[in-house]
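**Student:** Show me how the following folds:
(one chain, ligands or ions: 2)
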Amino acid sequence: MNEQVKIVEVGARDGLQNERSIVPVFVKQELIRRLGRTGLKVVETTSFVHPDWVPQLADAEEVMAGLKRQPGVMYPVLVPNLKGMQRAVSAGAREIAVFAAASEAFSQKNTNCSIEESIERFRPVIEMAREHDIWVRGYISCVLGCPYQGAVELGDVVRVAESLVELGCAEISLGDTIGTGTPHKAAEMLQAVAQAVPMERLAVHFHDTYGQALANILACVEQGVRIVDCSVAGLGGCPYARGATGNVATEDVVYMLEGMGYATGIELDRLAEVGAWITNQLQKPNYSRAGTARLASMPVNPVMFT
Ligand code: HMG
Ligand code: MG
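**Tutor:** Ligands and ions are numbered 1, 2, ... in the order given. The predicted structure is shown next:
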């Protein structure tokens with residue numbers, strides 16, 4: 001059997017959080033439903049952050065209320081603090097993600113507190129997760145550069161990763177939030193973190209701002225990472241990282257990995273159809289090269305499919 005790579009689809013959260021005009025709840029729910037039928041095992045769903053900070057996701061409760069869970073699929077939600085955790089638990093979340101940064105400046109801009117304070121905020125969140133048997137992922141932003149402070153020390157990335165694991169995060173996602181990383185630096189960063197946290201618990205999360213995301217993923221997969229975050233049609237950006245484009249497109253990652261002999265469990269054509277559908281709904285370009293190529297070779301306009 002081919003070696004597996006787990007794909008974490010973040011389009012409905014990381015992708016949509018940067019959309020200026022509010023996307024209707026039913027479109028979000030339909031996106032999540034469609035993604036759940038492509039073979040994806042993880043479909044990040046929404047965020048229980050402060051509605052003033054990310055107005056696009058102010059409807060988190062409504063989105064969760066209409067969630068149609070596909071068996072075997074996880075639907076994690078972002079949680080910044082205990083208040084967010086209480087909301088997430090009330091909404092029926094079974095998986096959550098907390099998020100910290102490797103840069104002090106970004107931590108302040110994104111969550112209004114220092115890195116240390118953010119870790120302290122997660123303590124009661126993760127305690128509550130344990131009580132409710134909720135799975136926890138930890139994100140680290142700005143692992144290869146920060147829009148406010150510039151360079152980020154590798155030691156800071158490693159320290160935050162260690163703290164999150166110590167708190168009880170099952171998985172750590174290393175985020176190149178502004179997409180400035182290049183392959184050798186990405187591999188070096190991953191190796192440094194893997195000295196402190198087992199590789200099987202690490203994920204990589206690349207934005208494609210400088211067109212380096214696929215190359216960075218390849219470099220990290222060659223180092224042994226087997227969890228990759230991406231966003232259908234390359235949706236997204238980051239509201240607190242100016243100029244950051246979307247995550248690498250899921251279709252492109254699936255095409256590359258399957259072509260290299262890894263098993264993702266995802267049906268590429270089905271995923272490409274979801275990319276076409278959501279970009280049509282948002283009236284945005286489809287940033288997936290593999291997705292648009294597959295769509296062009298299909299006999300019927302896939303946007304018509306339901
Ligand atoms: P704050 O203003 O410092 O919060 O925001 P506070 O604790 O001082 O509370 C102020 C008021 O907000 C209080 O209400 C709280 O109850 C309320 P009041 O007593 O005044 O009536 N409040 C909340 N209400 C609803 N939900 C909550 C919540 N928390 C407090 N969860 C906070 C601090 C962290 C909440 C804020 O900064 C925030 O929501 N930040 C989120 C920013 C965000 O979502 N950024 C994008 C996600 S990170 C990302 O995209 C990067 C990633 O993809 C990785 C990568 O790409 O690298 C993960
Ligand atoms: Mg991101």
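**Student:** Let's verify residue 159: helix, strand, or coil?
**Tutor:** Secondary structure, DSSP: H, G, I helix; E, B strand; the rest coil: residue 159 is helix.
**Student:** What about it, how many residues nearby?
**Tutor:** When neighbours are defined as other C-beta atoms under 10 Å, residue 159 has 16 of them. Every C-beta, even on glycine, is put in place using the N, C-alpha and C of the backbone.
**Student:** can you check residue 109 too?
**Tutor:** Here the neighbour count serves as a burial measure; for residue 109 (other C-beta under 10 Å) it reads 16.
**Student:** So what's the residue count around the residue of the chain found nearest ligand 1?
**Tutor:** When distances are taken as C-beta to the nearest ligand atom, the chain reaches nearest to ligand 1 at residue 175, 2.2 Å away. Close neighbours of residue 175, defined as other C-beta under 10 Å, add up to 29.
**Student:** If you drop the residues flanking it in sequence, what lies closest to it?
**Tutor:** Closest residue to residue 175 apart from its sequence neighbours, by C-beta to C-beta, 6 or more residues apart in numbering: residue 205 at 4.1 Å.
**Student:** again, but for residue 129
**Tutor:** Beyond its immediate neighbours in the sequence, the residue positioned closest to residue 129 (C-beta to C-beta, 6+ apart) is residue 136, lying 5.0 Å away.
**Student:** Could I get the buried residue list for whichever strand or helix holds the one you found?
**Tutor:** Using DSSP states H and E, residue 136 maps to strand 135-141. Within strand 135-141, the residues scored as buried using 16 or more other C-beta atoms under 10 Å are 136-141.
**Student:** Need the CA coordinates for the longest helix anywhere in the chain. PDB is fine.
**Tutor:** Ranked by residue count and defined by DSSP state H, the top helix of the chain is helix 115-131. Output in PDB follows, covering the C-alpha atoms of helix 115-131 (Å, rounded to 0.1, in the frame of the first residue of the first chain):
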ATOM      1  CA  ILE A 115       3.200  34.600  23.100                       C
ATOM      2  CA  GLU A 116       3.500  33.600  26.800                       C
ATOM      3  CA  GLU A 117       0.100  35.000  27.600                       C
ATOM      4  CA  SER A 118      -1.400  33.100  24.700                       C
ATOM      5  CA  ILE A 119       0.000  29.800  26.000                       C
ATOM      6  CA  GLU A 120      -1.400  30.600  29.400                       C
ATOM      7  CA  ARG A 121      -4.800  31.300  27.800                       C
ATOM      8  CA  PHE A 122      -4.700  27.800  26.300                       C
ATOM      9  CA  ARG A 123      -4.300  26.000  29.600                       C
ATOM     10  CA  PRO A 124      -7.900  26.100  30.700                       C
ATOM     11  CA  VAL A 125      -9.000  25.600  27.000                       C
ATOM     12  CA  ILE A 126      -7.100  22.400  26.800                       C
ATOM     13  CA  GLU A 127      -8.300  21.300  30.300                       C
ATOM     14  CA  MET A 128     -11.900  21.800  29.100                       C
ATOM     15  CA  ALA A 129     -11.000  19.800  25.900                       C
ATOM     16  CA  ARG A 130      -9.800  16.900  28.000                       C
ATOM     17  CA  GLU A 131     -13.000  16.900  30.100                       C
END
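**Student:** what sits up against it?
**Tutor:** Counting by C-beta atoms under 8 Å, 6 or more residues apart in numbering, helix 115-131 makes contact with 79-82, 84-86, 89, 96, 98, 100-102, 104, 107, 111, 113, 134-136, 138, 156, 160, 163-164, 167-169, all of which sit outside it.
**Student:** If we use 6 Å, what do you get?
**Tutor:** With C-beta atoms under 6 Å, 6 or more residues apart in numbering as the contact definition, helix 115-131 has outside contacts at 79, 81-82, 85, 98, 100, 104, 107, 111, 136, 163, 167-168.
**Student:** Just the buried subset of those residues, please.
**Tutor:** Here the buried ones among the contacts of helix 115-131, as counted with 16+ other C-beta under 10 Å, turn out to be 79, 81, 85, 98, 100, 104, 107, 111, 136, 163, 167-168.
**Student:** Among the residues you listed, which ones lie close to ligand 1?
**Tutor:** Among the buried ones among the contacts of helix 115-131, the ones lying near ligand 1 by C-beta under 6 Å from any ligand atom are 81, 111.
**Student:** In helices, which of the buried ones among the contacts of helix 115-131 fall?
**Tutor:** For the buried ones among the contacts of helix 115-131, membership in helices holds for 85, 104, 107, 111, 163, 167, with DSSP H as the criterion.
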